[in-house]
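**Q** Please work out how this folds:
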Amino acid sequence: MRFKSLKYLFLSWIIITTSCSSNNEEQIINAEEVIPSSDYKPAVMDTMLVPILDYGFNKDTAALYKLDYDSIYLNENTFFPERFNPKNSKKLILKNGNDSTLWYHWSYKDSLKTNNALYNWLDCFDINCKSIKLYEKKNLQKDNFMLLISDTSLTYISSNTLISKAAWLNYYKVHSGIADWKLIIYQKKNSKAEWSAIQEEEEINLTKK
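**A** This next block holds a predicted model:
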């Protein structure tokens, strides 16, 4: 009797062990079915899908005209045209290695407000508050700069390195569809300002001699 009891006990242990092993295998299989491999997305893929902030400046279009910038930063400093309540403003620092370019854009409600901002700015231009007459051939600031004026906007570009007027005009023509400009002020470093306008894609010199 004692032998039979031990025999039954041994058989029971084998059955319980086998049952537990079988259950463990089923749990592993079910876990794989709950998380199908086709739904798996590596963390690297998620990172690649995060958009790079450009703050409204199109680096790819700019690069077509050799306006290469590897990073873009917001500039929170106030600037003179903001005194005249622009509808929108964008103030960026475009970086290429150690070189920096200031790109400021202000849009206004109408041409009257745009002209008001421009003419007041010309009355007190640059940090030295120079008074500038329209179309005057004069050095307006130390660094290279270009000012693009449309009916409802002012765009100021300034850099210690040379600014390509042709490259920037092409950028706006492609990116914003703007080919004509009411007024352009362009000045190379240590030189004097050149004034012009573009009508029907033809540049007209307005600089006073």
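**Q** Isn't S111 up against D151?
**A** Yes - S111 is in contact with D151 according to Cβ atoms under 8 Å; the separation is 4.4 Å. Just so you know, the C-beta spots here come from the backbone N, C-alpha and C atoms, and that holds for glycine as well.
**Q** Tell me where this protein has strands.
**A** Along the chain, counting by DSSP state E, strands occupy 71-74, 88-96, 99-107, 144-149, 153-159, 181-187, 194-199, 202-205.
**Q** For those, give me TSV that also has mean neighbour count, mean pLDDT and distance to K138.
**A** Shown next, in TSV, are those (neighbours: other Cβ atoms under 10 Å; pLDDT from 0 to 100; distance: least, Cβ to Cβ, whole Å):
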stretch	mean neighbour count	mean pLDDT	distance to K138
strand 71-74	13	90	31
strand 88-96	16	93	26
strand 99-107	19	95	21
strand 144-149	21	98	13
strand 153-159	20	97	17
strand 181-187	20	98	9
strand 194-199	16	97	10
strand 202-205	11	96	16
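**Q** The ones you listed: which one's closest to E136?
**A** strand 194-199 (8.0 Å; Cβ to Cβ).
**Q** what helices or strands is that closest one leaning on?
**A** Other helices and strands packing on strand 194-199, by 3 or more Cβ pairs under 8 Å, 6 or more residues apart in numbering; DSSP states H and E, are strand 181-187, strand 202-205.
**Q** who does the longest one pair up with?
**A** This points to strand 181-187. strand 144-149 (antiparallel), strand 194-199 (antiparallel) (DSSP bridges).
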